[in-house]
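# All I have is the shape, not the residue letters:
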């Protein structure tokens, strides 16, 4: 079992009285805001849940495990997440 | 960006009231928290997924004092960036 958009949409229609179409639209707007914020390099801090940050990874030397060949891996940006104390406490309760 | 700014952006971009936007944001993060509390995976296509990793009890060390401490079993949330998010962040 895993939680997907479908269940969140159901909660939005049940608890907020939206139609399914409205709930889908609003949820997609929210997700798009989060994606564009992170794409612009800005972090997202959600109190009680956690922090999404963008980290810069330096260029590094890597190796193709199949051929053993050395190659340069480019510098890149990645998104990391740190769960808040409240989230970790909830998961362990 | 913090939660209030996220609510404000949602209010403007979805054309809903601030109260409604706050409720949507709350439902979104609460749903994910509750799923992880039940030990379930979370999968938000294009954005991210989360899974709960279980750790057994182990003997660790206080890095400051070098003292041995027994760490009790614990669960931690693990984040994985979605493909679309990954590609857009790393242009």
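On my side now, so go ahead. Predicted, not measured: the structure shown is a model, and the values here were computed from it.

# So what sits opposite residue B:81 in the bridge?
Under DSSP bridges, the beta-bridge partners of residue B:81 are residue B:48.

# cool, residue B:76 as well?
Bridge pairing for residue B:76 - DSSP bridges - gives residue B:53.

# buried sites along the lengthiest helix in chain A?
Determined from DSSP state H, the single longest helix within chain A is helix A:20-39. Neighbour counts over helix A:20-39 (16 or more other Cβ atoms under 10 Å in any protein chain shown) mark A:22-24, A:26-27, A:29-35, A:37-39 as buried. For the C-beta atoms, the positions are set from N, CA and C on the backbone; glycine is no exception.

# near chain B, from the residues you listed?
With Cβ under 8 Å from any Cβ of the partner chain as the criterion, the buried residues of helix A:20-39 include A:26, A:27, A:29, A:30, A:31, A:32, A:33, A:34, A:35, A:37, A:38, A:39 near chain B.

# which is the next helix or strand following the longest helix of chain A?
Per DSSP states H and E, the first helix or strand lying C-terminal to helix A:20-39 is strand A:44-46.

# which is the next helix or strand following that next one?
strand A:50-57.

# Contacts for that following strand, please.
Residues from elsewhere that reach strand A:50-57 (Cβ atoms under 8 Å, 6 or more residues apart in numbering or on different chains): A:34, A:38, A:41-46, A:75-84, A:87, B:77, B:79, B:89.

# circling back to that earlier point, which strands and helices sit next to the longest helix of chain A?
helix A:5-16, strand A:44-46, strand A:50-57, helix B:3-14, helix B:18-37, helix B:83-89 (3 or more Cβ pairs under 8 Å, 6 or more residues apart in numbering or on different chains; DSSP states H and E).

# So which of those is nearest residue A:69?
Closest to residue A:69 of these is strand A:50-57 (Cβ to Cβ; 20.8 Å).

# ok now the closest one, how far from the chain's centre?
The chain centre lies 10 Å from the centre of strand A:50-57; the measure is Cα atoms, centre = their mean, to the nearest Å.
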